[in-house]
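[1] predicted model, plus sequence, below.
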Amino acid sequence: MHISAKADYATRALLELAREPARPLTCEAIASSQEIPFRFLKSVVGELRRAGLVRSQRGCEGGYWLGRPADEVTLLDVVRAVDGELITLRGAPLAELVYPGPAVGLPGVWRRIESDVAVILEGMTLSSLLSAGAVEPLAGTGAS
């Protein structure tokens, strides 16, 4: 299974916005805080804006805010906003996948995995990730 850099960066950017919802943040501030390449983040934030997950304001008091409350934004929303389909096989959606002969049951396995992943991602909101102890850093990763 592959988690795209876009989905990872988008989630990290949204968590920065959710952490301080009262004030806007610039892409520069988010990129610096999360150690994300600025140009790539700018593109990702554009996709999040089009999906309604962030809103923006231009000007010296401008920046980005969450487009919805943090407890209403799930990881599934984020992944679908930046990646489209949750899981694809060679770029094709799993719904269209059909195999002949002895492999006839395999597409059902792939679809079940996609369904199970969707349930997990849909159950995890930005708020739940920000809650104390929601996600523990792995030992030795340098995360604090």
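    The structure has been received and is ready for your questions.
[2] need the longest helix for the chain.
    Longest helix in the chain, counting residues (DSSP state H): helix 106-122.
[3] partners of the least confident helix or strand in the chain by mean pLDDT in the sheet?
    Among the helical and strand segments of the chain, the one scoring lowest on mean pLDDT, DSSP states H and E is strand 92-93, with a mean of 86. If you go by DSSP bridges, strand 92-93 pairs up with strand 88-89 (antiparallel).
[4] as a quick check, tell me the outermost residue of the chain.
    In the chain, the residue that sits farthest from the middle, by CA atoms, centre = their mean, is Gly101; the gap is 36.9 Å.
[5] which SSE is Ala7 in?
    Assigned by DSSP states H and E, Ala7 falls within helix 5-19.
[6] continuing past that helix, what's the next helix or strand?
    Next helix or strand after helix 5-19 toward the C-terminus (DSSP H and E): helix 27-34.
[7] related to what we said a few turns ago, please point out which parts of the helix holding Ala7 sit buried.
    6-18 (16 or more other CB atoms under 10 Å). The way it works is simple: take the backbone N, C-alpha and C, and place the C-beta from them, glycine included.
[8] ok, stretch 115-126 next?
    117-118, 121, 124-126.
[9] circling back to that earlier point, what angle sits between the helix holding Ala7 and helix 27-34?
    100 degrees (axes from the mean of the first three to the mean of the last three CA atoms, to 10 degrees).
[10] now the buried residues of helix 5-19 as JSON lines including pLDDT and distance to Leu106?
    As requested, the buried residues of helix 5-19 are exported to JSON lines (pLDDT from 0 to 100; distance: CB to CB, whole Å):
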{"residue": "Lys6", "pLDDT": "97", "distance to Leu106": "27"}
{"residue": "Ala7", "pLDDT": "97", "distance to Leu106": "25"}
{"residue": "Asp8", "pLDDT": "97", "distance to Leu106": "28"}
{"residue": "Tyr9", "pLDDT": "98", "distance to Leu106": "32"}
{"residue": "Ala10", "pLDDT": "98", "distance to Leu106": "30"}
{"residue": "Thr11", "pLDDT": "97", "distance to Leu106": "30"}
{"residue": "Arg12", "pLDDT": "97", "distance to Leu106": "34"}
{"residue": "Ala13", "pLDDT": "97", "distance to Leu106": "36"}
{"residue": "Leu14", "pLDDT": "98", "distance to Leu106": "34"}
{"residue": "Leu15", "pLDDT": "97", "distance to Leu106": "36"}
{"residue": "Glu16", "pLDDT": "95", "distance to Leu106": "40"}
{"residue": "Leu17", "pLDDT": "97", "distance to Leu106": "40"}
{"residue": "Ala18", "pLDDT": "96", "distance to Leu106": "39"}
